[in-house]
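**Student:** below are the sequence and a predicted model; questions follow.
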Amino acid sequence: MSSTTKNVRPGAGAGEPLDAIDERLLAALVADARISNKQLAELVGIAPSTALMRTRALSERGIIQGFEAKLSLAAVGRSVQALIAVRLRAHDREQIDRFTSRVPKLPAVLSTFHTSGSVDYLLHIAVATTEDLRDWVLDNLATDPVVGHTETTLVFDQTIRDLGPVSGVLNTFDRLGLDIYSADTIEELAEKVGLPPQTTRETIEAFNAEVSDGEAPGAEPPKRTLAYPVETGPFYALHPLVPGITLTFGGIMTDDEARVLEPDGRPIPGLYAAGEGAGGAFFEDYIGGGALSMCLTMGRIAGRSATG
């Protein structure tokens with residue numbers, strides 16, 4: 001018998017809680033399921049290889065069950081929405097099976113909820129007109145012998161909780177105990193974090209002017225991917241926030257014994273380099289955890305080389 005090890009993070013079984021990276025990946029995918037893996041990785045702050053492995057693992061664990069297109073019901077001629085509470089005449093298996101095998105599959109039904117309390121089911125449907133709604137209830141529920149009572153409520157508006165990337169990022173920083181500031185205007189936000197309002201406004205406007213097709217190569221500093229105009233509030237700030245370097249794509253030239261080399265390739269006696277200080281391992285991208293691996297591996301090699 002053979003077994004296959006799946007790409008899941010260590011210790012992550014089907015019932016394991018999500019960590020901060022998983023939550024940020026899911027939030028970004030909920031906001032835009034068509035985002036590329038490269039864009040997803042940059043948005044979450046991980047390597048593309050890690051993003052791909054994590055996303056596959058979330059699918060294998062059954063957390064990601066698929067991707068769906070969001071439709072404008074009004075644009076497809078189904079602008080009238082309603083919630084219909086249904087109570088069955090009896091609660092035996094035969095009547096329940098008969099109802100669930102037919103009604104939830106009808107074209108107008110968007111969602112079906114089997115509930116507790118005074119009603120048995122709650123249907124969310126969408127049709128073209130109120131007349132169509134009346135006819136749908138009469139044709140599909142009122143004449144069904146297993147249905148004892150219905151109550152229809154029109155839906156005027158629907159608000160879906162924002163689970164986009166901003167929410168995921170804010171939740172992550174909130175758990176870390178970092179101060180998060182928000183405001184409806186750039187100037188108000190600048191005042192909250194102690195920045196000059198006019199200068200902050202001008203800086204953001206200069207950045208917005210450089211944004212084109214998801215890039216801002218002329219901005220200071222330039223941004224090559226996921227560059228979007230900062231235009232619509234509310235606006236958020238984490239302060240103080242400073243940049244950090246994970247690793248460099250260049251560095252001191254070394255050999256396979258971690259010895260530092262002269263420009264002509266000769267090793268410099270007694271001089272070794274390991275980890276981020278040593279070049280040659282990474283170029284356009286890096287594998288998640290690669291910097292730590294280089295520190296541990298080349299550090300051990302350097303120590304062994306130095307001691308003979």
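**Tutor:** Noted; the coordinates are in hand. Residues are numbered from 1 along each chain as shown.

**Student:** which residues of the stretch 151-300 of the chain fall in helices?
**Tutor:** Secondary structure of the stretch 151-300 of the chain (DSSP state H, counting those that start in this stretch): helices at 165-175, 186-193, 197-210, 290-306.

**Student:** in JSON lines: those helices, plus distance to Ala31 and mean neighbour count.
**Tutor:** Backbone N, C-alpha and C define where each C-beta goes, glycine included. Formatted as JSON lines, the helices of the stretch 151-300 of the chain follow (distance: least, CB to CB, whole Å; neighbours: other CB atoms under 10 Å):
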{"stretch": "helix 165-175", "distance to Ala31": "5", "mean neighbour count": "17"}
{"stretch": "helix 186-193", "distance to Ala31": "22", "mean neighbour count": "18"}
{"stretch": "helix 197-210", "distance to Ala31": "21", "mean neighbour count": "14"}
{"stretch": "helix 290-306", "distance to Ala31": "28", "mean neighbour count": "16"}
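
**Student:** dump those helices into JSON lines; add distance to Gly280 and mean pLDDT as well.
**Tutor:** Below are the helices of the stretch 151-300 of the chain laid out as JSON lines (distance: least, CB to CB, whole Å; pLDDT from 0 to 100):
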{"stretch": "helix 165-175", "distance to Gly280": "33", "mean pLDDT": "62"}
{"stretch": "helix 186-193", "distance to Gly280": "41", "mean pLDDT": "92"}
{"stretch": "helix 197-210", "distance to Gly280": "33", "mean pLDDT": "93"}
{"stretch": "helix 290-306", "distance to Gly280": "10", "mean pLDDT": "85"}
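
**Student:** so which of these is nearest Gln65?
**Tutor:** Of all the helices of the stretch 151-300 of the chain, it is helix 165-175 that lies closest to Gln65, at 18.6 Å by CB to CB.

**Student:** related to what we said a few turns ago, make TSV out of the helices of the stretch 151-300 of the chain and add distance to Ala237.
**Tutor:** Shown next, in TSV, are the helices of the stretch 151-300 of the chain (distance: least, CB to CB, whole Å):
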stretch	distance to Ala237
helix 165-175	11
helix 186-193	5
helix 197-210	10
helix 290-306	28
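
**Student:** which of these sits closest to Leu52?
**Tutor:** Of all those, helix 290-306 comes closest under CB to CB, at 14.8 Å.

**Student:** what does the closest one rub up against?
**Tutor:** For helix 290-306, contacts defined as CB atoms under 8 Å, 6 or more residues apart in numbering pick out 47, 246-247, 254, 256-259, 270, 272-276, 278, 281-282.

**Student:** so which of the helices of the stretch 151-300 of the chain comes closest to Gly62?
**Tutor:** helix 165-175 (19.9 Å).

**Student:** could you check how far the residue nearest to Thr199 when sequence neighbours are not counted is from Tyr181?
**Tutor:** Leaving aside its chain neighbours, Thr199 sits nearest to Ala190 (7.9 Å; criterion: CB to CB, 6 or more residues apart in numbering). Per CB to CB, to the nearest Å, Ala190 is found 10 Å from Tyr181.
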